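Asks: Just the structure for this:
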Amino acid sequence: MPDDLTLKPLSFNSARFLVSASRLEECPPDTGAEVAFAGRSNAGKSSAINCITTNGKLARTSKTPGRTRLINFFSLNREHRRLVDLPGYGYAKVSRDMKDDWQHHLDHYLSRRASLRGLVLVMDIRHPLTDFDQMMIQWCEHNRLPLMILATKADKLKYGQAKTALMGIAGKLKSFECVQHLLMFSATSKQGLDDARQALLDWLESPADEAGPA
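Replies: You can find the predicted model right below:
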């Protein structure tokens, strides 16, 4: 029987909603490979996912930041390959107890999910390295989880300004070995899309012992 990797090319356009989970026990079986997307509310995470999958309705975008409170899984056209949309944080008008509950279950997912191959951290290039961003970077570094950073909304700046901002981010991340990719990205202009997709393919096709939480 041929290995699953030889059956068909992985297509991000094939992404379909699979299931939502509020805690680790509700997640799909922990097999295969998946890559999770995280980002502070209003950073453009849903737009980035929709751009990568060429499906404008896959990840919910909302004018009410922080609306998505569940871990959302999307299946791809190869068995046991998934993209994961993690809850956004920052502006959500909810109780402190609820925010603590989100953080608790998010930590469980990130630290215990064996099929997790890497994390995509989405940050607004105009407002990068927020407290949430730095927390996620430090978590990935501590747990040796590969990290890709998408500096989104690059189309909102002139190219020279965006390039300078990206260099500033890169300078502050030099000591972090977990950062494998830092990309200027725009869901509007599709800048950085091909590089982001290639990085995702590399992770999703990597053997289990080459990536994932330590």
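Asks: other SSEs contacting the helix or strand harbouring Arg197?
Replies: For Arg197, the element it lies in under DSSP states H and E is helix 193-204. Applying 3 or more CB pairs under 8 Å, 6 or more residues apart in numbering; DSSP states H and E, we find helix 193-204 packed against strand 33-39, helix 45-53, strand 116-124, strand 147-152, strand 179-184. Placement of C-beta: from N, CA and C, glycine included.
Asks: His105 is nearest to which of those?
Replies: strand 33-39 (13.0 Å; CB to CB).
Asks: Other residues contacting the closest one?
Replies: If you take CB atoms under 8 Å, 6 or more residues apart in numbering as the criterion, strand 33-39 is touched by 45, 48-49, 73, 80-86, 88, 109-110, 113, 115-123, 136, 200, 203-206, 208.
Asks: Buried ones among these?
Replies: Among those, those classed as buried by 16 or more other CB atoms under 10 Å are 45, 48-49, 73, 80-86, 88, 109-110, 113, 115-123, 136, 200, 203-204.
Asks: Could you list the low-confidence segments of the protein?
Replies: Where the chain drops to pLDDT under 70, the residues are 1-7, 61-68, 89-99, 101-102, 207-214.
Asks: Distance of the most centrally placed residue in it relative to Pro87?
Replies: Centroid-nearest residue in the chain: Phe37, 1.6 Å away (criterion: CA atoms, centre = their mean). If you measure Phe37 against Pro87 using CB to CB, to the nearest Å, the figure is 11 Å.
Asks: returning to what we had before: in the helix holding Arg197, what's buried?
Replies: Leu193, Ala196, Ala199, Leu200, Asp202, Trp203, Leu204.
Asks: Please name the residues that touch Asp155.
Replies: Contacts of Asp155 (CB under 8 Å, 6+ apart): Ser186, Thr188, Ser189, Gln191.
Asks: Can I get the residues you listed in CSV including distance to Ser11, neighbour count and secondary structure?
Replies: Below are these laid out as CSV (distance: CB to CB, whole Å; neighbours: other CB atoms under 10 Å; DSSP: H, G, I helix; E, B strand; the rest coil):
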residue, distance to Ser11, neighbour count, secondary structure
Ser186, 22, 23, coil
Thr188, 23, 13, coil
Ser189, 22, 11, coil
Gln191, 21, 19, coil
